[in-house]
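**Q** My questions concern the predicted model and sequence given below.
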Amino acid sequence: MAENNKTNAVVIADNNDFANWLIELKEKYLSQRLQAACKINISMLEFYWNLGQDIVVKNYANTYGSAFYKKLSQGLQHELPNVRGFSPTNLKYITYFYKLYSPILENRPQHADDFNPTSKSIENQKDTYYIQNRPHAADNFNKQILFSIPWDHHRRIIDKCKDDVNKAIFFVKKTLENNWSRDVLLNWLDTDLYERDGKAITNFRATLPSVQGDLAQQITKDPYHFDFLNLREKHDERELEDQLIKNVTRFLLELGKGFSYMGRQFRLSVGSQEFFPDLLFYNTNIHAYVVIELKAQTFQPSFLGQLSFYVSAINNQFKTEGDNPTIGLLICKEKDNVVAKYALDAYNQPIGISEYQLSQLFPKDFKSSLPTIEELESGLKN
């Protein structure tokens, strides 16, 4: 009898349908558990929101003085002894949570109209254009988005962004979009990602449909940080390109989500001639090719002619019906934003202009002694 049971067990274990069913049950269980956890998180954040609203609207903190949060904590823990999250510290975070986002979600639905540039931006024409050209973090923001990330993430965002609601919303959206863990979020909060994201000078909104133009703007940065490169102070485009390809994984992280590397010095045959754009990528978020030209010098309007030609060639030779128009991105050592803006007005193709910054250079006395490729070639010829 025992032997028959053992035989039956072997038959069941060897049955592919049974094994596949077990995998299906596991996936369903994990999916349901995740959905349940998300629902619990949403319900908890809704409660926190309403609690913060009561504290702020009824002015309890000022009414009861400095002991208010301690008294409220003791009262809630007495009434709900098995529930966590009612420490005085967490209750203060709950109040910050409501104060930070309520002007966006309850009082000012058109928050972008209230965006105030800094006094420097008003005084400086290029910075004024810079702010007008950027997407607003509060666009399309709602409670569903706000309540979709864990509370511990919110606390970290509040720590870093309590005085800047646009920055806070930016990181809420990025966390949701990229499924960042708490540690990954903390790493990004300690960078200037918000200050750089979507800030390139572009003509995307004038040359692309509104939705695609906004998405294209969001994949840009200004400046790009190439601090993972080791370059001489007087580096050229070839050296910059070599280092970026050598560190292509880091480069893709800096470019952002959705970029796939297609090639370097990508061969384009046009008529009887061949051309080689520096770098070609495909972005799966905007479903478009992105051709990048690198210039280790100050921006000149003439640079855009070459890039515009490459954009046209990619559109004609590689773009399919399922692809959106190809985007050109010029990354140069530095630029004057007003000159860049005027130069873009002459083009009807989507093109962006950004700078790059380096923080790791060879020691000054060492890098200055290294010749460029051109200097080596000249020396060999002589």
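**A** Perfect, I can see it now.
**Q** where's the closest residue to L215 other than its chain neighbours relative to D197, distance?
**A** Leaving out its chain neighbours, the residue that sits closest to L215 by C-beta to C-beta, 6 or more residues apart in numbering is I286, at 4.9 Å. Where C-beta positions appear, they are placed from N, C-alpha and C, glycine not excepted. Per C-beta to C-beta, to the nearest Å, I286 is found 15 Å from D197.
**Q** Over to I157?
**A** 15 Å.
**Q** who has more neighbours, the two?
**A** Shown here are I157 and D197; by other C-beta atoms under 10 Å, I157 has more neighbours (24 against 20).
**Q** Need the per-residue pLDDT for the more buried one.
**A** For I157, the pLDDT comes out at 95.
**Q** buried sites along the helix or strand containing it?
**A** I157 belongs to helix 151-161 when assigned by DSSP states H and E. Within helix 151-161, the residues that count as buried by 16 or more other C-beta atoms under 10 Å are W151, H153, H154, R155, R156, I157, I158, K160, C161.
**Q** contacting residues around it?
**A** Outside helix 151-161, the residues that touch it by C-beta atoms under 8 Å, 6 or more residues apart in numbering are 41, 44-45, 48, 85, 93, 96-97, 100, 167-168, 171-172, 175, 180, 182, 185-186, 189-190.
**Q** which of these count as buried?
**A** 45, 48, 93, 96-97, 100, 167-168, 171-172, 175, 180, 185, 189.
**Q** how much space between S181 and F171?
**A** Look at S181 and F171: by C-beta to C-beta, they are 13 Å apart.
**Q** and if you look at G198?
**A** 14 Å.
**Q** what's the helix or strand that the helix holding I157 is followed by packed up against?
**A** Moving toward the C-terminus from helix 151-161, the next helix or strand (DSSP H and E) is helix 165-178. Counting contacts by 3 or more C-beta pairs under 8 Å, 6 or more residues apart in numbering; DSSP states H and E, helix 165-178 packs against helix 88-102, helix 143-146, helix 151-161, helix 182-189, helix 193-196.
**Q** One more pass at 6 Å, please.
**A** When contacts are defined as 3 or more C-beta pairs under 6 Å, 6 or more residues apart in numbering; DSSP states H and E, helix 165-178 packs onto helix 151-161.
**Q** Flag every buried residue along stretch 337-349.
**A** N337, V338, V339, A340, K341, A343, L344, Y347, Q349.
**Q** Compile the buried ones among the contacts of helix 151-161 into TSV and extend it with columns for distance to D323 and pLDDT.
**A** Supplementary listing: those in TSV, determined by distance: C-beta to C-beta, whole Å; pLDDT from 0 to 100:
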residue	distance to D323	pLDDT
L45	39	92
Y48	44	92
Y93	45	94
Y96	44	94
F97	42	94
L100	40	93
K167	33	92
A168	35	94
F171	31	92
V172	31	93
T175	29	87
W180	29	83
L185	32	87
L189	35	88
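**Q** which sections of the stretch 1-150 of the chain are below the confidence cut-off?
**A** 1-15, 31, 34-35, 37, 107-139 (pLDDT under 70).
**Q** ranges for the helices of it?
**A** Applying DSSP state H, counting those that start in this stretch to the stretch 1-150 of the chain gives helices spanning 2-14, 16-57, 60-64, 68-79, 88-102, 119-123, 125-132, 143-146.
**Q** what's the distance between T220 and V184?
**A** T220 is 22 Å from V184, by C-beta to C-beta.
**Q** Next up, identify which helix or strand K234 is on.
**A** For K234, there is no helix or strand it lies in under DSSP H and E.
**Q** What's the separation between it and K333?
**A** 11 Å.
**Q** who has more neighbours, those two?
**A** Between K234 and K333, counted using other C-beta under 10 Å, K333 has the larger neighbour count: 18 against 13.
**Q** Dump the C-alpha coordinates for the helix or strand containing that one into CSV.
**A** Using DSSP H and E, K333 maps to strand 327-334. C-alpha atoms of strand 327-334 as CSV (Å, rounded to 0.1, in the frame of the first residue of the first chain):
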residue,chain,number,x,y,z
ILE,A,327,15.2,63.1,-31.9
GLY,A,328,18.6,64.7,-32.1
LEU,A,329,20.6,65.6,-28.9
LEU,A,330,23.7,67.7,-29.0
ILE,A,331,25.9,67.4,-25.8
CYS,A,332,28.6,70.1,-25.7
LYS,A,333,31.1,71.4,-23.1
GLU,A,334,29.2,74.6,-22.5
